[in-house]
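S.K.: Got a predicted structure here, sequence first:
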Amino acid sequence: MSVAMIWGIIVTIGCYVVGRVTGRDHRMSGSIPYDLFMGAILNPRIGNVDLKMWNEIRIPWKLLFFVSLSAAVKDHEINMARELQAGLTPQVWPLFGGMIEMNAIKTSAPLLFMLLAHLLYVNACMKGEECIPTTWDIFYEKWGFMLIFWNFAGVPFSYCYSTLYLLNRSLANEPIQHSKFYTTFLFVTLLLAYYVWDTANSQKNRFRMQQRGTFVERKTFPQLPWGTLKKPTYVQTKHGNKLLTGGHWRFVRKPHYTADLLMALSWGLITGFDSLIPYFYVVFFTTVLVHRVGRDEIHCQSKYGADFDEYCRQVPYMFIPFIF
Ligand SMILES: NC(=O)C1=CN([C@@H]2O[C@H](COP(=O)(O)OP(=O)(O)OC[C@H]3O[C@@H](n4cnc5c(N)ncnc54)[C@H](OP(=O)(O)O)[C@@H]3O)[C@@H](O)[C@H]2O)C=CC1
Ligand SMILES: C=C(/C=C/[C@@H](C)[C@H]1CC[C@H]2C3=CC=C4C[C@@H](O)CC[C@]4(C)[C@H]3CC[C@]12C)C(C)C
């Protein structure tokens, strides 16, 4: 974490200086602390590599997944060692009709849950990479301390609190265990929320790509049903852009946020209720998304005017149909 933090600070300063010296800086405020925070260059590149996209996608989510993978392996080792100490013979699973045998996985269900949650997230970022260039952070935010530091250090080393908490409880010989019903309920919630989150993002981004004529079908795994809308409905704006009102977007204006928040909540719930620390992510993330919603409403209102009002009339709810 220290390396990631120091690296985040060095890259921020380096990028700011390069932007100023080469004249590639833009939308500068003139206040050095503010410009360091927001950045100087929009899309810094080395060759073909867009550094901001590499930093937002390739680094944080992979690190987060590897933190969870390491914790799951460590938990397995601890539990195996405890069984051996207690004089128990390690359980073995015969695979392929007994042709291969492997030691049973001893990682606790909550840690396997976190591993699955982080695997789903990192896999989505990799398999849906073509959808990302048109998102707000890539086309609008400059590459400054906010994005650089958060992606190098914040995401991997603060979004993993649930995982670390579960491992620490296991190390202290007080592992978190839930009833089969509670655990199954959370696994099902995670998978359903993931489905909505993934397909809502891809419905909107692919719809936009289809409008621009840049849509290319990919075979990355998993391609989920309803990820691409066949006959999408939309509001045509005078600006030229179309606002999607089909698929998940017919029910609420931010279906991907609702689903993402539900996943974030499940990361906390799987740790139980003894500590608030694993709930950091869902609290922080709610704040981020509420801020984004406000910013986005202002952005769309000024960009689309009366057409945005018509869109809000057709899709009146923000997060939960008929409630909010
Ligand atoms: N885990 C994390 O740390 C984070 C995760 N995320 C996730 O990333 C995903 C993307 O989020 P984000 O980029 O913030 O936001 P959006 O994907 O909602 O992007 C907002 C933009 O999309 C366009 N848009 C909005 N509604 C429509 C519509 N109905 N039809 C067509 N275009 C529309 C508008 O842009 P335009 O001007 O082009 O019309 C709007 O400004 C979400 O799932 C979010 O949860 C986001 C931030 C952090
Ligand atoms: C703001 C930050 C990071 C944001 C990213 C994690 C998300 C930004 C755009 C998201 C995605 C867009 C479209 C997708 C298509 C779907 O089929 C799969 C999911 C996804 C790739 C989705 C994944 C998350 C994003 C990349 C930083 C500052 C924390």
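M.R.: Right, received. Where do you want to start? Only a predicted model underlies this, so the values are computations on that prediction, with no experimental measurement involved. Numbering: from 1, shown residues only. Ligands and ions are numbered 1, 2, ... in the order given.
S.K.: Skipping adjacent residues, who's closest to the residue nearest the centre of the chain in space?
M.R.: The centre of the chain sits closest to residue 121, judged by C-alpha atoms, centre = their mean, with a distance of 5.5 Å. Leaving aside its chain neighbours, residue 121 sits nearest to residue 61 (5.7 Å; criterion: C-beta to C-beta, 6 or more residues apart in numbering). Every C-beta, even on glycine, is put in place using the N, C-alpha and C of the backbone.
S.K.: The one you found contacts residue 125, doesn't it?
M.R.: Yes - contact between residue 61 and residue 125 holds when scored by C-beta atoms under 8 Å: they sit 5.0 Å apart.
S.K.: Settle it for me: which of the two has more neighbours?
M.R.: residue 61 (22 against 18; other C-beta atoms under 10 Å).
S.K.: Could you pull out the buried residues of the one helix or strand the more buried one maps to?
M.R.: Assigned by DSSP states H and E, residue 61 belongs to helix 60-85. Neighbour counts using 16 or more other C-beta atoms under 10 Å place 60-61, 63-65, 67-68, 71-72, 75-76, 78-80 of helix 60-85 among the buried residues.
S.K.: and it, what does it pack onto?
M.R.: helix 109-127, helix 155-158, helix 161-171 (3 or more C-beta pairs under 8 Å, 6 or more residues apart in numbering; DSSP states H and E).
S.K.: Roughly how far does residue 321 sit from residue 192?
M.R.: 15 Å (C-beta to C-beta, to the nearest Å).
S.K.: For the stretch 51-200 of the chain, which residues are neighbours of ligand 2?
M.R.: 56-57, 124-125, 128, 131-132, 135, 137, 147, 150-151, 155, 198 (C-beta under 6 Å from any ligand atom).
S.K.: Minimum pLDDT in those, which residue is that?
M.R.: By pLDDT, residue 135 ranks lowest within these, coming in at 88.
S.K.: Contact partners for it?
M.R.: Contacts for residue 135 (C-beta atoms under 8 Å, 6 or more residues apart in numbering) come out as residue 205.
S.K.: tell me, which of the residues of the stretch 51-200 of the chain next to ligand 2 make contact with ligand 1?
M.R.: Counting by C-beta under 6 Å from any ligand atom, the members of those near ligand 1 are residue 135.
S.K.: The residues of the stretch 51-200 of the chain next to ligand 2, buried ones only, as a PyMOL selection?
M.R.: Of those, the buried ones can be selected in PyMOL as follows, counting by 16+ other C-beta under 10 Å:
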select buried, resi 56+57+124+125+128+131+132+147+150+151+155+198
